[in-house]
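Trainee: okay, structure incoming, though there's no sequence with it:
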């Protein structure tokens, strides 16, 4: 028992926090680069795709559909329009594979979520495409342990303010658990809530933060999600 | 003053209820059919696209990105892969035009929403892509009159049950206003709430209902949204 407020709501990021996600995108990028390797080097192709993704997020948002449109756009640009209909069809098949990819929970997720759901109100806060994310939650097999899913278009200070307000709690009663310093940690600290960083094995370049941004920031870092239970027990 | 419960929450569909939406899709379909008219008749092309849309909704959900992927898929199929990179690029440019299309409110919407917001809790309940819809709401200029936006992947009985539950009201205190019998009227009646149908000049084939489904259904039909205020005044 500490002097800090008791945690009431635990929010979890989904992609690369509850289940593997980046590998699905990396695998599609690899296939994409190989598909077009007659036109350019694979490395150059991958770089062009990364650029298209960043450029298009403001138009398309996050998710597989926007990523697929970025692949198609990149294929046209880097072949100067010479890409064939059959090659575009291959790209569409990568999208279908991504959409149908099985949901693989990270180690310890199921047990941890099940255990914590006995004592806390658990929610999911995830960016991404509404349709993709709802489908993944439904297929994950752990959806019933969460009281709510908040699928949002961005994760900034305002997003977390709105959510704590909606649940009628003060920020110090709220903890966010996620793999992205940019989305799950820094804006949560800005509202005075508690943030737990559980790093994933890879980090999407778009989410990276600088050392400078982390100076003076106080948050918890756990190597695996199953350490969350004992950390909460000690804290609460 | 009637014996019925007083309405507390008025929910509005967005596309083709608050602002024009179908014309943006129709216009893209026209351009698409013309673009590929060297390969097939425009009518045949439009039919193939409609089929792809219906087939793909289960994979892509609603919205411009999914529609664009359906256009690309259709272009490949109906040209048997002969579609060129430049033609696909044209299709991507249709998508960009759709995403950038100005939000045109329907007649009477601004005045009606502004007036009703003085006496009622107004919310938006819309299907579609999270990112598209948030952007459109932000650009509509009427976002501030609504307390909440509910962007949902489908509109069925369960959706409306969850929403009335969330707002802590009984169904008879809830009214849904929208142009789609399938999405905005029938499931709302199923939960015992009040539904107001304001038809749009065209109806998306996917949303059509049969006469049979309407037998015995009691809902209000207004020719224009600005009739809503007087109807509510008489009722409440």
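Mentor: Nice, I can see it. Here the structure is a predicted model, which means the values were calculated and not measured. Residues are numbered from 1 along each chain as shown, chains lettered A, B, ... in the order given.

Trainee: interface residues of chain A facing chain B?
Mentor: Proximity of chain A to chain B, by Cβ under 8 Å from any Cβ of the partner chain, involves residues A:59-63, A:65-66, A:68-69, A:72-73, A:75-76, A:79-86, A:88-89, A:92, A:95-96, A:99, A:129-132, A:134, A:151-153. Using the backbone N, CA and C atoms, a C-beta is placed for each residue, glycine as well.

Trainee: do you know how far the residue lying farthest from the centre of chain A is from residue B:25?
Mentor: In chain A, the greatest distance from the average C-alpha position (Cα atoms, centre = their mean) is reached by residue A:82, at 34.4 Å. The gap separating residue A:82 from residue B:25 is 30 Å, by Cβ to Cβ, to the nearest Å.

Trainee: low-confidence ranges, chain A, go.
Mentor: Scanning chain A for pLDDT under 70 picks out A:1-4, A:204-206.

Trainee: where along it do the helices fall?
Mentor: A:22-35, A:42-60, A:64-78, A:85-100, A:109-116, A:130-140, A:157-166, A:186-190, A:211-214, A:228-235 (DSSP state H).

Trainee: most tightly surrounded among those helices?
Mentor: Of all the helices of chain A, helix A:64-78 has the most neighbours on average by mean count of other Cβ atoms under 10 Å in any protein chain shown, namely a mean of 23.

Trainee: report all helices and strands that the longest strand along chain A contacts.
Mentor: The residue-count maximum for a strand in chain A (DSSP state E) belongs to strand A:121-127. Contacts defined by 3 or more Cβ pairs under 8 Å, 6 or more residues apart in numbering or on different chains; DSSP states H and E place strand A:121-127 against strand A:9-12, strand A:148-152, helix A:157-166.

Trainee: residues in contact with it?
Mentor: Applying Cβ atoms under 8 Å, 6 or more residues apart in numbering or on different chains, the contact partners of strand A:121-127 are A:8-15, A:18, A:62, A:113, A:116, A:133, A:137, A:145-155, A:159, A:163, A:167, A:176, A:183.

Trainee: in its sheet, which strands sit next to it, and in what direction?
Mentor: Strand A:121-127 sits in its sheet next to strand A:9-12 (parallel), strand A:148-152 (parallel), going by DSSP bridges.

Trainee: save these as a markdown table, and put in mean neighbour count and distance to residue A:216 too.
Mentor: Listed next are those as a markdown table, based on neighbours: other Cβ atoms under 10 Å in any protein chain shown; distance: least, Cβ to Cβ, whole Å:
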| stretch | mean neighbour count | distance to residue A:216 |
| --- | --- | --- |
| strand A:9-12 | 24 | 23 |
| strand A:148-152 | 18 | 26 |
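
Trainee: include distance to residue A:46 when you put those strands into JSON lines, please.
Mentor: Listed next are the strands paired with strand A:121-127 as JSON lines, based on distance: least, Cβ to Cβ, whole Å:
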{"stretch": "strand A:9-12", "distance to residue A:46": "30"}
{"stretch": "strand A:148-152", "distance to residue A:46": "28"}
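
Trainee: nearest to residue A:233, out of those?
Mentor: When the strands paired with strand A:121-127 are compared by Cβ to Cβ, strand A:9-12 sits nearest residue A:233, at 12.8 Å.

Trainee: check the offset of that closest one from the chain's centre.
Mentor: Centroid displacement of strand A:9-12 relative to its chain, using Cα atoms, centre = their mean, to the nearest Å, is 15 Å.

Trainee: wait, residue A:198 sits on residue A:219?
Mentor: No. Counting by Cβ atoms under 8 Å, residue A:198 stays clear of residue A:219, with 10.9 Å between them.

Trainee: out of those two, which sits in the busier spot?
Mentor: residue A:198 (24 against 18; other Cβ atoms under 10 Å in any protein chain shown).

Trainee: mind listing what the residue nearest the centre of chain A touches?
Mentor: Most central in chain A under Cα atoms, centre = their mean is residue A:15, positioned 3.7 Å from the mean C-alpha point. Residues near residue A:15 by Cβ under 8 Å, 6+ apart: A:21, A:22, A:126, A:127, A:128.

Trainee: which ChimeraX command selects the buried ones in those?
Mentor: Applying 16 or more other Cβ atoms under 10 Å in any protein chain shown to the contacts of residue A:15, the buried members can be selected in ChimeraX as follows:
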select /A:21,126,127,128
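
Trainee: using JSON lines, lay out the contacts of residue A:15 together with distance to residue A:211.
Mentor: What follows is the contacts of residue A:15, written out as JSON lines (distance: Cβ to Cβ, whole Å):
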{"residue": "A:21", "distance to residue A:211": "25"}
{"residue": "A:22", "distance to residue A:211": "22"}
{"residue": "A:126", "distance to residue A:211": "27"}
{"residue": "A:127", "distance to residue A:211": "24"}
{"residue": "A:128", "distance to residue A:211": "28"}
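
Trainee: of the contacts of residue A:15, closest to chain B?
Mentor: Using Cβ to the nearest Cβ, residue A:128 comes nearest to chain B of the contacts of residue A:15, at 8.2 Å.

Trainee: quick one: contacts for residue A:203?
Mentor: Counting by Cβ under 8 Å, 6+ apart, residue A:203 makes contact with A:179, A:180.
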